[in-house]
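Student: Turn this into a model:
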Amino acid sequence: MTVSKSTGGSFAPLRQPVFAVLWAATVLGNTGSFMRDVASSWLMTDLSAAPAAVAMVQAAGTLPIFLLAIPAGVLTDVLDRRKFLIAIQLLLASVSVTLMILSHTGLLSVSSLVGLTFLGGIGAALMGPTWQAIVPELVSRQEVKSAVALNSLGINIARSIGPAVGGLMLAAFGAAVTYGADVASYIVVIAALVWWPRAKDADDTLSEGFFGAFRAGLRYTRASRPLHVVLLRAAIFFCFASAVWALLPLAARQLLNGDAGFYGLLLGAVGAGAIGGALVMPRLRERLDADGLLLGSAIVTALVMAILSLSPPQWLAILVLLFLGAAWITALTTLNGAAQALLPNWVRGRGLAVYLMVFNGAMTAGSLGWGAVGEAAGVPATLLIAAAGLLAAGILMNRVKLPAGEPDLVSSNHWPEPLVAEPVSHDRGPVLILIDYHVEKHSRSKFLHALHGLSFERRRDGAYGWGVTEDAADPEKITEWFMVESWAEHLRQHRRVSKADADLQSTVLQFHSGDEKPLVRHLISIAGREAWDGGAT
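Tutor: Below is the predicted model of the structure:
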C-alpha cells in the first residue's frame, strides 16, 4: 500500500482512507467491548456480592494478556496480520454471543461468566500487539506518532461512551441486549478488516519461525536494561492502581448507593477525563518530564481512591473520576511512550507484548490481591491502603528515572556481508564471531568499558553468549567473541544493528590502534559424523 507523505497536524493520519476506516471501526468495536465489560462486572455483583468474586472478573480479563502477551507478539510478526485480526474478532464475537444466550435464558453463573471473560481476555491478548504493529502500515513514517496518539484517543472515546451507554442499556433492556450490541460492533470491525486492501507480505528467506522469533524476543528483553526500568515502573504503578478498577463496581453499589446506570456513568467519567487529559498533555510535557508526569499520576490516583473510600456524594465521585481518567491516560501514555522509544521495528511487537504482559500481570495480581484484602478489611479500608501504597511507591520510584531521549533505531546496514568460501545453509550453527582488536595499554580500561556497553547490543540483536579475551603472548591483542544460534540468525543480526548501535561501535573502534580495521572471523560448528571422522566414507 502506498501512503502519502504527512502534511502535518495531530489529525493528519485520518486523511489516509484505510487508517480512517479502521480507526472508526476500532472505536466502535472498543465501545462494544466496554459495554460488554460493564454488563459482566455488574452481573457479577448480582451473582455474588463477595469482593473476591467481583475482582475475579477483572483478573479473568487481564490474566490471559499476562500469559499470552509474548506469544501474541511473536504471532504478530510471523502471521498475516489482517487475517489474524479477523480470526480474533470472530473469537470475541463468539464469546459475546454465548454471553447473550446465557443471560437471556437465565443460565449465566459465576463460573461461566468468569470463564467467558477469560476467553475474551485471550482475544484481547492476541489483538493488542497486532493492532499496534499495523500502524506503520497505514500511515507514513512521519505520521506514526500522531496515529498512535489518535489510537489512544479513540480508545478513550470508546471508554467514555461505552460504559455509559452500556450501563443505561443494561438498566433499560437487560444484559442480553447489551451483549447483542457488542456482537454487532464486531461485525462492523470484521467488515472493515475484510475491506482493507493490505498488500501480501513479501517472501523473505530470513523470515523467522515462531520459536526462533520467541527466543529472539526474550533475548532482546533480557538484555535491554533501559526497558527493564520501564517495566519495573509500570509493574509497581499498576499493581497499586489496580485496586480502584477491581473494587469500583462494589464502591459504586455499596459506598455510593448507585445502580447499573450510575456505574456506567462513573466509567464514562473516567473515559471523558482521559480525553481531557490527552488534550492537555502537550502542555504538561512542556513543564514536566516523564518522571514528573508519572509521579503526578500516582498522586492523583491515590487521592481519588482515598476520596472514594469516604463514601462521597455521587456528584463528587463522578468529578474525581474525571481526574482519575486524566491521571490514568497520563501514566499509560508516559510508560507506553517510553517503551516505544526504546524498541526497534524488528522487535517492536514482541517488546510491546512484554510491556503488555507486565501491565496486565500487575493488574491481575493487584486485582486478586486487593479483592482478598477487601474480603478481610472491607472496601473502604482497602482503597485507603492501596492509596497509601501507591503514594509511597510513586515517591520512592521517582528516584529510578525513566530512560531519557529517543535513540535512532533505524537500521544502519553498515556491517559488510560476511566472507564465505561457499554458500552456508541458514540452519547451520551455532556460529562463533571473533573480532580482533589491537589496544594500547593506556587505552585498555576505557576500551573495555566501551566494549562492555557494546555487549548489551550484541545480546539484544541475537547473541546468546558474549565474552572478551586477551592474547597471553601479547595482552594488547584483545578478541571480542559472541555466539549466535544459526547462520540465518547472524544474517538477521546484520539487519538489526541500528544507527545508535553504530555510534556505540564507532566509540569502541576509536581505541583500536591497528593500521587496518579489526579482523572479523566467523566460525561455524561442524555437526554430525563429519565432526568425528572428517567426512571419511
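Student: going forward, measure contacts and count neighbours with C-alpha atoms only.
Tutor: Noted.
Student: Helix or strand next in line after the longest strand seen in the chain, which one?
Tutor: Here the longest strand in the chain is taken by residue count, with DSSP state E as the criterion, and it is strand 474-484. Counting by DSSP states H and E, the next helix or strand C-terminal to strand 474-484 is helix 487-496.
Student: Show me which positions of that next one end up buried.
Tutor: For helix 487-496, the neighbour count (16 or more other C-alpha atoms under 10 Å) marks 487, 488, 489, 490, 491, 492, 493, 494, 495, 496 as buried.
Student: so what's the nearest residue to the third one once chain neighbours are set aside up against?
Tutor: The shortest distance from residue 489 to any residue that is not its chain neighbour, by C-alpha to C-alpha, 6 or more residues apart in numbering, is 6.7 Å, and that residue is residue 462. Counting by C-alpha atoms under 8 Å, 6 or more residues apart in numbering, residue 462 touches 216, 219, 220, 484, 489, 490, 493.
Student: Mind doing that once more with 10 Å?
Tutor: By C-alpha atoms under 10 Å, 6 or more residues apart in numbering, the residues touching residue 462 are 215-220, 223, 482-486, 489-494, 496.
Student: On the three-state scheme, it is what?
Tutor: Following DSSP: H, G, I helix; E, B strand; the rest coil, we place residue 462 in the coil state.
Student: quick one: it and residue 305, what's the gap?
Tutor: Distance from residue 462 to residue 305, counting by C-alpha to C-alpha, to the nearest Å: 44 Å.
Student: now residue 414
Tutor: 53 Å.
Student: Over to residue 24?
Tutor: The gap separating residue 24 from residue 305 is 33 Å, by C-alpha to C-alpha.
Student: Could you do residue 183 as well?
Tutor: According to C-alpha to C-alpha, residue 183 and residue 305 sit 33 Å apart.
Student: try residue 364
Tutor: 18 Å.
Student: just residue 438 next, same as before
Tutor: When distance is defined by C-alpha to C-alpha, residue 438 is 61 Å away from residue 305.
Student: So which of the two has more stuff around it?
Tutor: It is residue 305, of residue 438 and residue 305, that has more neighbours when counted by other C-alpha atoms under 10 Å, with 26 against 23.
Student: re the thing from before, take the buried residues of helix 487-496 and lay them out in JSON lines including pLDDT.
Tutor: Output for those, formatted as JSON lines (pLDDT from 0 to 100):
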{"residue": "487", "pLDDT": "88"}
{"residue": "488", "pLDDT": "86"}
{"residue": "489", "pLDDT": "87"}
{"residue": "490", "pLDDT": "87"}
{"residue": "491", "pLDDT": "87"}
{"residue": "492", "pLDDT": "85"}
{"residue": "493", "pLDDT": "83"}
{"residue": "494", "pLDDT": "83"}
{"residue": "495", "pLDDT": "81"}
{"residue": "496", "pLDDT": "82"}
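Student: Kindly indicate which of these lies nearest residue 389.
Tutor: The shortest approach to residue 389 among the buried residues of helix 487-496 belongs to residue 496, at 40.9 Å (C-alpha to C-alpha).
Student: for the protein, what helix or strand is lowest in average pLDDT?
Tutor: Lowest by mean pLDDT, DSSP states H and E among the helices and strands of the chain is helix 530-533, with a mean of 54.
Student: Residue 368: what's it in contact with?
Tutor: Per C-alpha under 10 Å, 6+ apart, neighbours of residue 368: 51-60, 242-243, 246, 362, 374.
Student: Excluding chain neighbours, what is closest to residue 121?
Tutor: residue 61 is the one closest to residue 121 (C-alpha to C-alpha, 6+ apart), at 4.4 Å.
Student: Flag the shaky bits of the stretch 301-450 of the chain, pLDDT-wise.
Tutor: The model of the stretch 301-450 of the chain has pLDDT under 70 over residues 405-413.
Student: which residue ranges form the strands in it?
Tutor: With DSSP state E, counting those that start in this stretch applied, the stretch 301-450 of the chain shows strands at 431-438, listed in chain order.
Student: all helices for it, in order.
Tutor: Secondary structure of the stretch 301-450 of the chain by DSSP state H, counting those that start in this stretch: the helices cover 314-342, 348-377, 379-397, 444-460.
Student: what are the phi and psi angles of residue 466?
Tutor: Backbone torsions of residue 466, given as degrees, to the nearest 10, read phi -150, psi 150.
Student: doesn't residue 484 make contact with it?
Tutor: Yes: counting by C-alpha atoms under 10 Å, residue 484 is a contact partner of residue 466 at 9.5 Å.
Student: between these two, who's got more neighbours?
Tutor: Counted by other C-alpha under 10 Å, residue 466 and residue 484 do not tie: residue 484 has more neighbours, with 24 against 17.
Student: who touches that one in this structure?
Tutor: 429-433, 458-459, 461-466, 490-491, 493, 524.
Student: give me that answer again for 7 Å
Tutor: Neighbouring residues of residue 484 by C-alpha atoms under 7 Å, 6 or more residues apart in numbering: 430, 431, 432, 462, 463, 464, 490.
Student: again, but for residue 522
Tutor: The contact partners of residue 522, taken as C-alpha under 7 Å, 6+ apart, are 431, 432, 433, 434.
Student: Surely the last one is in contact with residue 520?
Tutor: Yes: using C-alpha atoms under 7 Å, residue 434 and residue 520 qualify as a contacting pair, with a distance of 5.7 Å.
Student: Give me the more crowded residue out of those two.
Tutor: Neighbour count, other C-alpha under 10 Å: between residue 434 and residue 520, residue 434 has more, with 19 against 15.
Student: Now do residue 145, the pLDDT please.
Tutor: On pLDDT, residue 145 comes in at 64.
Student: Could you list the buried residues of the host helix or strand of residue 191?
Tutor: Per DSSP H and E, residue 191 falls inside helix 175-195. For helix 175-195, the neighbour count (16+ other C-alpha under 10 Å) marks 175-186, 188-190, 192-193 as buried.
Student: Report the distance from the helix or strand hosting residue 152 to the chain centre.
Tutor: Here residue 152 sits within helix 144-173, counting by DSSP H and E. In terms of C-alpha atoms, centre = their mean, to the nearest Å, the centre of helix 144-173 is set 19 Å apart from its chain centre.
Student: now that helix against helix 175-195, angle please.
Tutor: Here helix 144-173 runs at 150 degrees with respect to helix 175-195, directions being taken by axes from the mean of the first three to the mean of the last three C-alpha atoms, to 10 degrees.
Student: Out of the contacts of residue 484, flag the one nearest to residue 30.
Tutor: Nearest member of these to residue 30, counting by C-alpha to C-alpha, is residue 462, at 36.6 Å.
Student: Mark out where each domain of this protein begins and ends.
Tutor: 13-197+212-397, 431-533 (automatic domain parsing).
Student: Can you add distance to residue 404 and give those back as CSV?
Tutor: What follows is the domains of the chain, written out as CSV (distance: least, C-alpha to C-alpha, whole Å):
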stretch, distance to residue 404
domain 13-197+212-397, 8
domain 431-533, 14
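Student: winner for burial among the ones you listed?
Tutor: domain 13-197+212-397 (a mean of 21; mean count of other C-alpha atoms under 10 Å).
Student: what's the first-to-last distance across it?
Tutor: 36 Å.
Student: now stretch 422-432
Tutor: End-to-end distance (C-alpha to C-alpha), stretch 422-432: 17 Å.
Student: For it, which residues meet the burial criterion?
Tutor: Neighbour-count burial for stretch 422-432, with 16+ other C-alpha under 10 Å as criterion, is recorded at 428, 429, 430, 431, 432.
Student: residues touching the first one, list them.
Tutor: Which is residue 428. Neighbour list for residue 428: 486, 487 [criterion: C-alpha under 7 Å, 6+ apart].
Student: Next up, phi/psi of it, please.
Tutor: Here is the backbone geometry of residue 428 (degrees, to the nearest 10): phi -70, psi 140.
Student: try residue 429
Tutor: phi 170, psi 180.
Student: cool, and residue 422?
Tutor: The phi/psi pair for residue 422 (degrees, to the nearest 10) is phi -150, psi 160.
Student: what sits against residue 73?
Tutor: Counting by C-alpha under 7 Å, 6+ apart, residue 73 makes contact with 129, 349, 350, 353.
Student: Fine, thanks again, bye for now.
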